[in-house]
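In: structure for the following, please:
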Amino acid sequence: MVNLPTVVNQKGASAGADMVAGDKITNLNILPATAAGKIEVLLAKLTKEIESNERVRDTLDSLSRFHKKRAVDGVEGLEAKLKKCGRDYEVFDAFEKKELFSKLLERYSHYASAQEILACLLARVEYGFQSFIYPQIDCLSTLEVNELVDYRIIEPTISDCGVGVLSMDHSVAMGMVYWLAEQCYVRWHK
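Out: The predicted structure follows:
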């Protein structure tokens, strides 16, 4: 049997990597690249359309659908809808935010990709509101409804369109909700 020394002196030792007295465990988390989402792809396409001034004259059917008002309950317009559900205090801000979105809609409506993006966002707002928020309107407080709108609509919109050519902030995103209310696709009352 060979007697090995019990004390090892590594003073002055060098290596091309870490020097470890014992086990070294290295964890590598390699995440797959995420595929670009629909809106991300369309935003890149929109940037190119703007740079080359590539405009269209027609409006996509999926976008023009939202320009047609449809009052299913006889309560027409944004102000009437807000007053009907006790949100009178929102009227001034609602009109201001709706106007912000209206201007964005008008500014980008001449680009095919922007029309697709806006149609997609409007459809998502309508779907999210009608499927997850409206069914709970009677049993939630105003604050809880606002939190749901923020979680289901505003934050995803900002996440998708917070930077770039079609940039939206909280005011513009909420303006989109108010614009849809004006068109009678969103309502806060039963």
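
In: alpha carbons only for contacts and neighbour counts from here, please
Out: Will do.

In: report the contact partners of residue 186.
Out: Shown in contact with residue 186 (CA atoms under 8 Å, 6 or more residues apart in numbering): 126, 129-130, 177-178, 180.

In: what about residue 112, neighbour count?
Out: When neighbours are counted by other CA atoms under 10 Å, residue 112 registers 20.

In: from residue 60, how far off is it?
Out: 8 Å (CA to CA, to the nearest Å).

In: one step back: which one of the contacts of residue 186 sits closest to residue 103?
Out: Taking CA to CA as the measure, residue 103 lies nearest residue 178 of the contacts of residue 186, at 13.3 Å.

In: and the next helix or strand past the host helix or strand of residue 93?
Out: For residue 93, the host element (DSSP states H and E) is helix 91-108. Later in the chain than helix 91-108, the nearest helix or strand by DSSP H and E is helix 112-128.

In: from the middle of its chain, how far away would that next one be?
Out: Here helix 112-128 shows a centroid-to-chain-centroid distance of 11 Å under the convention CA atoms, centre = their mean, to the nearest Å.

In: that helix vs helix 91-108, what angle?
Out: Angle of helix 112-128 versus helix 91-108, following axes from the mean of the first three to the mean of the last three CA atoms, to 10 degrees, is 150 degrees.

In: mind listing what's buried along the helix or strand that helix 112-128 is followed by?
Out: The helix or strand immediately downstream of helix 112-128 is helix 142-149, counting by DSSP H and E. Using 16 or more other CA atoms under 10 Å as the test for burial, helix 142-149 gives 145, 148-149.

In: so helix 142-149 versus helix 112-128, what angle?
Out: Using the same axes, to 10 degrees: helix 142-149 against helix 112-128 is 140 degrees.

In: residues in contact with helix 142-149?
Out: 129, 133, 137.

In: any idea how far apart the tips of stretch 52-61 sit?
Out: By CA to CA, the extent of stretch 52-61 from end to end equals 24 Å.

In: output the below-cut-off pLDDT ranges for the chain.
Out: Low-confidence segments of the chain (pLDDT under 70): 1, 4-10, 15-16, 21, 32-35.

In: burial of residue 95, as a residue count?
Out: Residues lying near residue 95 (other CA under 10 Å) number 17.

In: which residues touch it?
Out: Contacts of residue 95 (CA under 8 Å, 6+ apart): 175, 178.
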